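1. give me a model of this one.
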Amino acid sequence: MRFKIFIIISVFFSLFLFSPASAASDYGLSAAVNATQGSLPKTVGGASNLPELAAVIVNVALSLIGILFFILMLYAGITWMKAMGNTDEVTKAKEMITQAIIGLVIIMAAYAISNFVFTSLGTGGNDFSSSQNMCAATFADGMCKEAASCNAPMITTPGLCPGGATNLCCHKP
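-> Have a look, this model is predicted:
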């Protein structure tokens, strides 16, 4: 029963949280940055929009869980060494190592799947040099905008933002 609920919740979030509409929208953040004359940060954790931030959070969480399973495997190895021939302790240590290895395999598969999904969404996955981040990575105050909305004293640099020739990197000179 719990597994069915988990699947339903996972499908719900995958359909609505990471939809193409949410990937294309900046949720009014550009207007807030313009209203404060650019004093707000353009990125959070290296991400400039919600799907990128979700990718960063998922990748960090999976990395931490992978480290946890590795530490569990080390603990099981130490337990085995300290067992000194006690068959119950050795059996317990072997089971912990087996479970830790299974956990590491699951985490690596989840990491690969999430990286594939986020790369397919165009959020870059683990590739923080993707075109969506190149503007902010190149210029501290850089922001992808249409050419008409980049007002003086800001200047535009082509080729750093996705969306073709009309979407340019707007930054201070």
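2. hey, let's count contacts and neighbours off CA atoms from now on
-> Will do.
3. okay, now the domains of this structure?
-> 48-128, 130-173 (automatic domain parsing).
4. and those: which comes nearest residue 31?
-> Of all those, it is domain 130-173 that lies closest to residue 31, at 10.7 Å by CA to CA.
5. quick revisit: and the domains of the chain as TSV, adding mean pLDDT, distance to residue 4 and mean neighbour count?
-> Shown next, in TSV, are those (pLDDT from 0 to 100; distance: least, CA to CA, whole Å; neighbours: other CA atoms under 10 Å):
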stretch	mean pLDDT	distance to residue 4	mean neighbour count
domain 48-128	84	19	17
domain 130-173	72	36	18
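6. CSV please, covering these and showing distance to residue 5.
-> Converted to CSV, these look like this (distance: least, CA to CA, whole Å):
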stretch, distance to residue 5
domain 48-128, 19
domain 130-173, 35
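7. so which of those comes closest to residue 36?
-> domain 130-173 (12.9 Å).
8. follow-up on the earlier one: to residue 8, which of the domains of the chain lies closest?
-> Here domain 48-128 is closest among the domains of the chain (CA to CA), at 17.7 Å.
9. pLDDT of the helix or strand where residue 8 lies, averaged?
-> Assigned by DSSP states H and E, residue 8 falls within helix 2-16. When pLDDT is averaged over helix 2-16, the result is 66.
10. show me where this structure has strands.
-> 143-146, 155-157, 167-171 (DSSP state E).
11. right, so of these, which gets closest to residue 59?
-> strand 143-146 (24.1 Å).
12. direction included, what does that closest one pair up with?
-> Partners of strand 143-146 in the sheet, by DSSP bridges, are strand 167-171 (antiparallel).
13. for residue 148, what are its contacts?
-> For residue 148, no contacting residues are found, by CA atoms under 8 Å, 6 or more residues apart in numbering.
14. how much space separates it from residue 167?
-> For residue 148, the distance to residue 167 equals 9 Å [CA to CA, to the nearest Å].
15. surely residue 77 and residue 100 touch.
-> No. The criterion here is CA atoms under 8 Å, and residue 77 misses it with residue 100 at 10.8 Å.
16. list the contacts of stretch 94-101.
-> 69, 70, 72, 73, 76, 77, 80.
17. columns distance to residue 55 on top of the residues you listed, output as TSV?
-> Rendered in TSV, the data for these read as follows (distance: CA to CA, whole Å):
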residue	distance to residue 55
69	21
70	22
72	26
73	27
76	31
77	33
80	37
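18. and the furthest pair within those?
-> Greatest spatial distance among the contacts of stretch 94-101 (CA to CA): 69 and 80, at 16.4 Å.
19. what is the neighbour count of residue 4?
-> 9 (other CA atoms under 10 Å).
20. quick one: the helices in the chain?
-> 2-16, 20-24, 29-35, 50-82, 87-120, 131-138 (DSSP state H).
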